[in-house]
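S.K.: I need the structure of the sequence given here:
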Amino acid sequence: MSLRELQRLAELNGVQTFYLDAANKQRTASPEALSNLLKALGVPAGNGKEIKESLRASRLRPFRRGIEPVIVCREKEETKFVLHLPAKLAQKRLRTLIRFEGGREEVLIPKMRTPGMREVENERFATKEILLPRLPPGYHKLEVSAGDTGYRAQILSAPVRSYPASEKKSWGAFLPMYAAHSKESWGAGNFSDWERLSRWLGSEGAGVAAALPLLSAFLDYPVCEPSPYSPASRLFWNEFYIDVTRVPEFALCREARAMVASRSFQKDLRNFRRSEMIDYSAQWKARRKVFELLAKYFFSEDSARRAEFNLFVHGRPEVNDYAAFRAACDTLKTSWHNWPQRMRAGRLRAGDYDEFTRKFHLYIQWLAHSQIDELVRDGEKHGVRLYLDLPLGVNPDGYDVWRERDSFALEASAGAPPDLFFSRGQDWGFAPLHPQRIRESGYRHVLAYLRFQMSRTRMLRIDHVMGLHRLYWVPRGFGPAQGTYVNYAAEEWHAIFNLESHRHQTLLVGENLGTVPPAVNESMERHGLRKMYVLPFEERPNPKAALAPPPALSVASLNTHDMPTFVAHWRGDDLAERIKLGLLSPGDLKRERQHREKLKIAVIRFLKAEGFLKSQKPSVREVLRAVLAWLRASRAETLLVNLEDLWLEERPQNVPGTTTERPNWRRKARLTLEQIMAGKRLRKLLPPR
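M.R.: Numbers count the residues shown, from 1 in each chain. As a prediction, this is how the structure comes out:
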């Protein structure tokens, strides 16, 4: 086997043979990693013979395919694409047909140029350059035929830039929905709590309320997964956030009310409310008993709400499939990877699951849809937009991977290469989307989850926006440091995001933190995506320029859900945490502490010079207020305030690189909603109206 041939095969299939790490050092992928990643892509590369055969097939693929499966057209611009024809068809008359979104068809006589003939692997092809006219925005189908041979492509005709910026600057607040608990909630925040929080934020002049992903989650079988970034599906909502007491059936079902009023249930509620941490499994077990009683009552009565329910199911037929999947999970109590072959292949039948359990999942998904719709409507009525996160991946045991397995590369997982924080790299445990198969399907699955999210939010944060361009893949059975990057068709992704953002009037924010190639930020600029400005990444030891100014199209914040709180960063508590996790040596700790002190001194001097800080020896709270005021006065389009910073919370919501070592995604806010909304000291720290 020739290493050069293997590397060439990898390059032809979008697998990077080397990359630059966070320290700008070149890392080369091993032959074993390349072979296994090619296998994950469906390209045989186990030995020299397979590599030679795959090389030939890869070189021929674009010519035999004739036309790329996806063509990007910029709205109101002419578009050129290349058509490859076997030599015997070179003189055939071409017929070009566009099937426009909406059904209209049009036969075109496009401008054309034939550069000449080309020989590839002993096969001859004629290459023609075809110019399409200006097309309206939308998803159109292109059909080109030469004699009896036809070629098809998906046309993405989209604006160059995403939905435009608002005319005025705004500020908003962030708090995970599970953490935003009230005296009435059952031990964790819910849709009703968030509605109250949004109203209060609106009354204080905020225009944005930011939550973590609210997507469907595993709460019982096959596993209880607390991370909102490992959802069971990106196509359905998380039923954990339903306010049970707000469900109309709760007021009518005596049996459910009696259960909630019982001594044992009330004891559980008291424990849930007193606990600093959320026990998702225990809380869901208690709630599910009530939901099952409500479902039995609902399906036994012929009410007007049944008509609403039927409309919901009819309007989203995929919810039936999802409910059957969840019912099968409840019945077999194991991952779908371990199901019998027929079920594993996506074919479920009556008898594979309990029928009431299927109806139960339909019912609670409908309740979740109804309550989040009310939340969005109420927030917008009070001038507050719901700001959601689009997670990069989904749980490998989840519905999306089971139903759309051809869209995923199941023999690999996504992650991140070694960097200054994670010297061993990261393996996030979910299968990445297959870059070619999603193109060949016209991005069907991507469109489905994008439309689902954008239909309920006016601001969408794209987790790890670099994934539109490339994603770090780890072959199955390999360590996180042994992976490499796989490329995606970035312009196609941007075209879809831009088109959907205009149709749903949703602002797009790209999470461009970490190892970010220059091309990513350039692309974000070109396509009008808001960037993230996070204060600790912008601190410099130079007092005259201690804080880099935020760009105009940006969302500025003091931190993110994956970072230390403001006070923890300011005091250096996160450095001690990194020592505990083995991410820093004692020598590194000393240097980091010295560097952090220089940064603090520079930031204080900078804020004084800018007129935002007057005290000679400012407290942490005074520095916090000054930094928020400086950010509010900056060019940033949106300032996002972590509410926990306002009461100087020391503990983060998530410590990346840990699972059972830290209580990630389970910590409730120290203050209840009632305390937050009544706190005068907190109000003083909020940005001015």
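
S.K.: any idea of the mean pLDDT for stretch 477-491?
M.R.: Stretch 477-491 shows a mean pLDDT of 97.

S.K.: return the set of buried residues in that stretch.
M.R.: Of the residues in stretch 477-491, Phe478, Pro480, Ala481, Gln482, Gly483, Thr484, Tyr485, Val486, Tyr488, Ala489, Ala490, Glu491 count as buried by neighbour count, 16 or more other CB atoms under 10 Å. For every residue, glycine as well, the C-beta is placed using N, CA and C.

S.K.: could you do stretch 242-249 as well?
M.R.: Using 16+ other CB under 10 Å as the test for burial, stretch 242-249 gives Ile242, Asp243, Val244, Arg246, Val247, Glu249.

S.K.: contact partners of that stretch?
M.R.: Residues outside stretch 242-249 that contact it (CB atoms under 8 Å, 6 or more residues apart in numbering): 184-186, 190-193, 250, 256, 260, 287, 290-291, 294, 297-298, 305, 364, 367-368, 371.

S.K.: identify the farthest-apart pair in the buried residues of stretch 242-249.
M.R.: Across those, no pair lies farther apart than Asp243 and Glu249, at 12.7 Å, counting by CB to CB.

S.K.: hmm, back to that, and of the buried residues of stretch 477-491, the nearest to Ala179?
M.R.: Nearest to Ala179 among the buried residues of stretch 477-491, with distances taken as CB to CB, is Pro480, at 29.0 Å.

S.K.: contacting residues around the closest one?
M.R.: Pro480 neighbours (CB under 8 Å, 6+ apart): Gly415, Ala416, Pro417, Pro418, Phe422, Arg424, Gly425, Gln426, Asp427, Val474.

S.K.: which non-adjacent residue is nearest the second one?
M.R.: By that I understand Ala416. Gln426 (4.3 Å; CB to CB, 6 or more residues apart in numbering).

S.K.: isn't that neighbour right up against Gly415?
M.R.: Yes. Gln426 is within contact range of Gly415, at 4.6 Å (criterion: CB atoms under 8 Å).

S.K.: returning to that earlier point: buried subset of the contacts of stretch 242-249, written for ChimeraX?
M.R.: Buried residues among those (16+ other CB under 10 Å), as a ChimeraX selection:
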select :185,186,190,191,192,193,250,256,260,287,290,291,294,297,298,364,367,368,371
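
S.K.: filter the contacts of stretch 242-249 down to the ones in helices?
M.R.: Cross-referencing those against helices under DSSP state H gives 191-193, 250, 256, 260, 287, 290-291, 294, 297-298, 305, 364, 367-368, 371.

S.K.: which residues in the stretch 451-600 of the chain form strands?
M.R.: Ranges of strands within the stretch 451-600 of the chain are 459-462, 470-475, 484-487, 507-510, 531-534, 554-557, based on DSSP state E, counting those that start in this stretch.

S.K.: returning to what we had before: is it possible to export the buried residues of stretch 242-249 to a markdown table including secondary structure and pLDDT?
M.R.: Formatted as a markdown table, the buried residues of stretch 242-249 follow (DSSP: H, G, I helix; E, B strand; the rest coil; pLDDT from 0 to 100):
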| residue | secondary structure | pLDDT |
| --- | --- | --- |
| Ile242 | coil | 98 |
| Asp243 | coil | 98 |
| Val244 | helix | 98 |
| Arg246 | helix | 97 |
| Val247 | coil | 98 |
| Glu249 | helix | 97 |
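
S.K.: the most far-flung residue of the chain relative to its centre: what secondary structure?
M.R.: Residue farthest from the centre of the chain, counting by CA atoms, centre = their mean, is Gln91 at 47.8 Å. Using DSSP: H, G, I helix; E, B strand; the rest coil, the structure places Gln91 in coil.

S.K.: distance of it relative to Leu142?
M.R.: 22 Å (CB to CB, to the nearest Å).

S.K.: now swap in Ala232 and tell me
M.R.: For Ala232 relative to Leu142 (CB to CB), the value is 36 Å.

S.K.: quick check: closest non-adjacent residue to the residue nearest the centre of the chain.
M.R.: For the chain, Pro391 is the residue whose C-alpha lies nearest the centre (CA atoms, centre = their mean; 2.1 Å). Leaving aside its chain neighbours, Pro391 sits nearest to Tyr229 (4.5 Å; criterion: CB to CB, 6+ apart).

S.K.: number of nearby residues for that neighbour?
M.R.: 22 (other CB atoms under 10 Å).

S.K.: A strand includes Ser35, no?
M.R.: No. Assessed with three-state DSSP, Ser35 is helix; it does not lie in a strand.

S.K.: give me every residue that touches Leu34.
M.R.: Leu6, Gln7, Leu9, Ala10, Val15, Thr17, Ala45, Thr484.

S.K.: tell me the confidence at the fifth one?
M.R.: It stands for Val15. So, for Val15, pLDDT stands at 98.

S.K.: list the contacts of it.
M.R.: Ala29, Leu34, Leu37, Leu38, Leu41, Trp473, Thr484, Tyr485, Val486, Asn487.

S.K.: quick one: the second one from Gln26, how far?
M.R.: If you measure Leu34 against Gln26 using CB to CB, the figure is 16 Å.

S.K.: can you check the last one too?
M.R.: Distance check for Asn487 against Gln26: by CB to CB, it reads 17 Å.

S.K.: got it, and Ala328?
M.R.: In terms of CB to CB, Ala328 sits 47 Å off from Gln26.

S.K.: so between those two, which is more surrounded?
M.R.: The neighbour count for Ala328 versus Gln26, taken as other CB under 10 Å, is higher for Ala328 (22 against 8).

S.K.: picking that back up, of all the strands of the stretch 451-600 of the chain, which one is nearest Val120?
M.R.: Among those, strand 484-487 comes nearest to Val120, with 21.6 Å by CB to CB.

S.K.: please export the C-alpha coordinates of that closest one as CSV.
M.R.: Coordinates of the C-alpha atoms in strand 484-487 are reproduced here as CSV (Å, rounded to 0.1, in the frame of the first residue of the first chain):
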residue,chain,number,x,y,z
THR,A,484,-8.8,14.4,11.8
TYR,A,485,-11.1,16.8,10.1
VAL,A,486,-13.7,16.0,7.4
ASN,A,487,-14.9,18.7,5.1
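
S.K.: which strands or helices does it pack on?
M.R.: On a contact count with 3 or more CB pairs under 8 Å, 6 or more residues apart in numbering; DSSP states H and E, strand 484-487 meets strand 18-20, helix 31-40, strand 470-475.
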